[in-house]
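# could you look at this predicted model? Sequence included:
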Amino acid sequence: MQKRIAVQSFSSALTAAFLLLLGVPALAVNMLNWNQDRSTANQIWGNQDNWSSPTDANYFAHAQPVGMGARPIGMGEAFVGLADELSAVWWNPAGLTQLPTNEVHWMGGDQDFTDAPYSGFISADYILDNHMAFAFSFERPYHPIGRYPDMLVADNLHTFVGQGGTFWGSFEPGTPVAFKDIADTAVQDVLAKQYRTWINLPFQEDDYVLTYATPLSADENLSFGINVKYMTQDADYAVEGITLNQVQGWGADVGFLYRLPLSHYGREVSFGLDLRDVASQIKYDTSREFTLPATSTLGIGWKTTDFLTRDKLNLDADFIYINDPGLGGNDNHQLNLGGEMWFFKDHIGPRAGYSFYFDQPSRATLGLSLRYMLEFDYAYIFQYANEPAGTHWFSLALHWGGPKRNLPVPDVACTVDPPIFAPRNGEMATFTLSAESKNGIDRWTLNIIDHNNQVVKSYSDRGAAPAQILWGGEDKTYRLLPDGEYTFLFTATDNAGASSSTPVQTLKIFTPPVVQATRGDLDKLRALIGKQNDDEEAVDQKLRSDVSKQLATLINQKNESVTLPPLVKAPPTPQPVSPSAIPGAPGNAIPAGFAFPTVNDLPMPRTQLVTDPSGKKAYVVEYATAQTMPRYILNDATDVIRVSARDLGESVSTYDVRADYGNRVLRVVSPAATALNYAHGFIKAEQLLNASVVTLDGEAIQPLYR
C-alpha cells in the first residue's frame, strides 16, 4: 500500500512538472491531492488556531444564516420592523403580541430541488386574552457559503502550489494575496475546496426555542419578546464523509417593537430592534468553548392602504450589524429592503426584496403568498456569491382562535333627513355621516336593508367617510325600490382594526296616493275658486283706491324723494322721514284698513316710502332683532312682507325689508306682485325668497335656511 502511494506521488509530481514546463500551471494545481493538505490549508487561509482536523474548526460560529419563514425571505429578509406572523420568533420575538390568531407554522428549503441543503422550521404559539404570547419552535437554519476571505498568506501559497512554480512571480513571499486577484480559476477552485473543507465547513445547526412576548404599554403599541434556545449540531450530518464534532450550547435573543398608528400617510409605522445571541455560549465535545457573535438589527416597517390600488402595501428596511471581530472591512453590516402588496381581500400577496452586502455580492429575492383557510408562502433566492444555485423556500401556516381584542372603537354617527320620502315624486334622502378615531379611519360601509334582511343598497370606500350621501331610493341596479320600511346601518373600521357601528335605524319610502276627483267635485272647486277670486278682486280694488288717495296726499305735500343708498357692511342710519309721509302722523288721517306691520308683536316705526329716479316706489321697513340665526330672521322678514303686502298691495313696486342684528344687516327685496301672492297664500315662503333678492351685508346669498 505504501509502495502504491509512493509511486502515485512520484507519477503526480512528474506530471505536474511536465505541465508546468508546458505553461499550464492551473492543471498542476488540480493534480494536487488536497485531502492530504489539512495543515497547509490552515496556513494558507491564515488560521491562527492551526487546527489539525476539520472537526476542530469553529464552524458553528458563522453569523447570518438564512432566516425562518418564506414570506420574510421573499422580502429580502427585511422583517424586523413588521414581524406580524409566527416566524417573528426568529426575526423579532416582540412581534408575537400583535398576532390576531393562534398559529402553527412550517417551513422547508431546497436548492434547485436537489434536497441539498435542507432547512426546516416548525413553530406553534398561543396568545392569551391579555395579549401575552408563548411559542415553542424548532429551527434548522441554512448557513450559506458566502464569499472567501480577502487575503491569503503568500509564503504558504508558494508551498501549496508546488516547488519552483514561476507563475506566482508577482506574489513575492511576505506579500498578502487577494483571493479575487488570482486569475487562474483552476487555482481558485482548489483553494475554495480547501477553504470549504477545512476552514468554513458546511454544517447543520438545530435549535430548540422557547419564546415569551408581552405588551409593555396600555395601548399595546410597545411590546417586548425574548427567546431562550438550546443549540446543537445535527449528529447525522457529515462533511466529505467525516462526522463533525458534537456541539451544544444555550443562547438568548431579545426583541422590541413599537407601533405608531397614523391618521395620514398610511395606517401604521413601526420600529423594531432585534438583538440575536446577546448571551449565547457553545461548547464542542473537545471541551473548547466559544461565544457566538451578537447580531443587532434595527428595522422600520410601514403599512398603508392610501396609495396605488388602495390595497394593503407593506414595506420594511432592516440594518444589520454583526459584532464579530473575524469579519473585516464592511462584512460586519448589511442592509435588507423588502415590500409586498395584498390583493383580492388579502388572498394573494406578491413580494420582492434585496439584501445589500457592502463588501461582497448582494442577493435578490421574490415571493408569493396564497391565503384561503390555510396560508401558503413561497420564496426564491437568486444564486449569489459562491452558492452553486438559487434556493427555494416554502411555508405553510394554519390559524385559529386568538385573543379578545379590547381596542378603542371609532366614534360613529349617522342620521337621515327626511325619514319619510317619495322617490317617485323626485324626493331624495340625505344621510349625514360621522366617523372619528385617533388611529385614523381605514374603511367605512353604509348598508340599506329591506324587510327581508337583504342589503338592497350599499356604499363603502377606503379612508374617511364623506359628510353626506344623497340616496334617491334606488337599489344596487339603480331601480326604484317599492314603498315600505327600510333600515340602515353605518360601520367604520380604523387603522388599528377596531370597528364600530351605529344602532339600526329606520326610514320609509312612501308615495302619496293620487285622489281621483268627480265632476261634481270639480264644479264645486271651480265655484269656490271663482268666489275667492271675486272677493280678492274687491279687496284689491278697495286697497288700490286707498293707497292711491294716500299717495296723492303725499305728492301734494311734496315729500322729498330719497334714493335708496347701497348697503355696506355697517348699516347706514335710516334717513329721517317727514311725519307727513307716514300714515297716522299728526295731521294725516289713517286710511281705512291700514295697520303698521309688526314683528314678534312689536310695531315697526322705521317705515318709509322711497322713490327712485325712474319714479318707482319702494316700501322700506327697518327693524332691529334679537335673533342671531339667519333662518329665523328670514322667517320674520317674510312675515313683514306678508303684512305689508296685505295693506299696500301693488301700490308700490317693491317691498324692502332690512333686519339689523349685531353689526350685520340681512336684507330682502321682493317684487310687489310676488309679495301679494304670498300675502294671499298662493305661494310659500320658499318661493317668495327664491323670487326675491336676499343679501347679507351687501353680498347676495342663497336663501337656504328654511
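That came in fine, so what should we check first?
# okay, domains of the protein per the record?
Using automatic domain parsing, the domain ranges for the chain come out as 25-53+149-198, 68-148+200-400, 411-509, 522-700.
# check what pLDDT G23 gets.
pLDDT for G23: 36.
# oops, could you answer that again for M132 instead?
So M132 comes in at 93 (pLDDT).
# who are the contact partners of the residue nearest to it when sequence neighbours are not counted?
Nearest residue to M132 in three dimensions, chain neighbours excluded: T214, at 4.7 Å (CB to CB, 6 or more residues apart in numbering). For the C-beta atoms, the positions are set from N, CA and C on the backbone; glycine is no exception. Neighbouring residues of T214 by CB atoms under 8 Å, 6 or more residues apart in numbering: T97, H131, M132, A133, S223, F224, G225.
# isn't there a strand covering Y126?
Yes. Per DSSP: H, G, I helix; E, B strand; the rest coil, Y126 lies within a strand segment.
# one step back: dump the domains of the chain into CSV; add distance to Q516 as well.
Formatted as CSV, those follow (distance: least, CB to CB, whole Å):
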stretch, distance to Q516
domain 25-53+149-198, 101
domain 68-148+200-400, 54
domain 411-509, 18
domain 522-700, 11
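# and these, which one averages the lowest pLDDT?
Across the domains of the chain, the lowest-scoring stretch is domain 25-53+149-198, with a mean of 52.
# among the contacts of T214, which are located in helices?
Within the contacts of T214, no residue falls in helices by DSSP state H.
# which of the residues you listed are buried?
By neighbour count, with 16 or more other CB atoms under 10 Å, those hold T97, H131, M132, A133, S223, F224, G225 as buried.
# hang on, the earlier thing: deepest in the core, which of the domains of the chain is it.
Each of those was scored by mean neighbour count; the highest is domain 68-148+200-400, a mean of 19, by mean count of other CB atoms under 10 Å.
# start to end distance for that one?
Domain 68-148+200-400 has an end-to-end distance of 21 Å (criterion: CA to CA, to the nearest Å).
# is it true that H105 touches S123?
Yes. Assessed by CB atoms under 8 Å, H105 is found in contact with S123 at 4.9 Å.
# quickly list what's touching both of the two.
Both H105 and S123 are contacted by L86, S87, under the criterion CB under 8 Å, 6+ apart.
# closest one of the buried ones among the contacts of T214 to W302?
Set against W302, the nearest of the buried ones among the contacts of T214 by CB to CB is S223 (17.8 Å).
# can you classify the nearest residue to F488 once chain neighbours are set aside by secondary structure?
Leaving out its chain neighbours, the residue that sits closest to F488 by CB to CB, 6+ apart is I448, at 4.9 Å. What three-state DSSP gives for I448 is strand.
# OK, contacts around I448?
Going by CB under 8 Å, 6+ apart, I448 touches V455, V456, K457, S458, W471, Y486, T487, F488.
# nearest to V693, of those residues?
W471 (33.6 Å).
# my guess is that closest one contacts E427. True?
No. Between W471 and E427 there is no contact under CB under 8 Å: 10.5 Å.
# which parts of the stretch 151-300 of the chain are helices?
154-161, 185-194 (DSSP state H, counting those that start in this stretch).
# the chain now?
In the chain, the segments counted as helices under DSSP H are 2-21, 25-30, 38-44, 70-74, 88-91, 154-161, 185-194, 519-556, 630-648, 672-679, 685-690.
# tell me how far the nearest residue to A675 once chain neighbours are set aside lies from V209.
In this structure, A675 finds its nearest non-sequential neighbour in A645, 3.9 Å apart by CB to CB, 6+ apart. According to CB to CB, to the nearest Å, A645 stands 90 Å off from V209.
# again with D461
Plainly put, D461 is 43 Å away from V209 if you go by CB to CB.
# just Y619 next, same as before
Counting by CB to CB, the separation of Y619 from V209 is 93 Å.
# what does V643 give?
Distance, V643 to V209, by CB to CB: 89 Å.
# one more: M68?
The gap separating M68 from V209 is 10 Å, by CB to CB.
# give me the phi and psi angles of G401.
Note on G401: backbone dihedrals following degrees, to the nearest 10 are phi 60, psi -150.
# pretty sure it contacts N102?
Yes. Contact criterion CB under 8 Å: G401 and N102 qualify, at 4.7 Å.
# before we move on, the earlier item: is it true that the residue nearest to A675 touches I683?
No. Taking CB under 8 Å as the definition, A645 is not a contact partner of I683, at 11.5 Å.
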